[in-house]
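>>> Sequence and predicted model, in that order:
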Amino acid sequence: MTSELTEHHEANAALVQQRIGMGDHPASPRPLDHLVVVPRTHAAAVQSDLEAAGFRVDGVQRGLRRARIEFSRIDAADLDTADAFTREIVEIVGRHGGGYDGWAGYLVAGPAGG
């Protein structure tokens, strides 16, 4: 695991634990929001790659040199799933000289009575 993926794994583990502490049921799929920052000249290619991976591009903010791309997909929020989509996103943006800022999403309550 690269140091970047190790850092993301540690952040994912902390976030998942925090969310569980707030009552989240991480195995339940829900829309998760993501953010990447890429060189402006690569924004269209990154959007295309993200869409090919099943993500929906929700917004793009273009600056002079960099672009911020907000996107989402329905996924579970457990650690294994978070690490898997993180690897997928880091690979995509890494090909274009960008970086992954992370993910967020609303909490989902567990099944009633359990």
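Yes, it's here.
>>> Buried residues of stretch 85-92, list them for me.
The neighbour-count check on stretch 85-92 (16 or more other C-beta atoms under 10 Å) flags 85-90, 92 as buried. For the C-beta atoms, the positions are set from N, CA and C on the backbone; glycine is no exception.
>>> which stretches of this protein have low pLDDT?
1, 112-114 (pLDDT under 70).
>>> For it, which segments are assigned as strands?
30-39, 56-62, 66-75, 99-104 (DSSP state E).
>>> Mind putting those strands into TSV with mean neighbour count?
As requested, those are exported to TSV (neighbours: other C-beta atoms under 10 Å):
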stretch	mean neighbour count
strand 30-39	18
strand 56-62	13
strand 66-75	18
strand 99-104	17
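>>> I'd like these laid out as TSV, including distance to residue 12.
Listed next are these as TSV, based on distance: least, C-beta to C-beta, whole Å:
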stretch	distance to residue 12
strand 30-39	11
strand 56-62	21
strand 66-75	12
strand 99-104	8
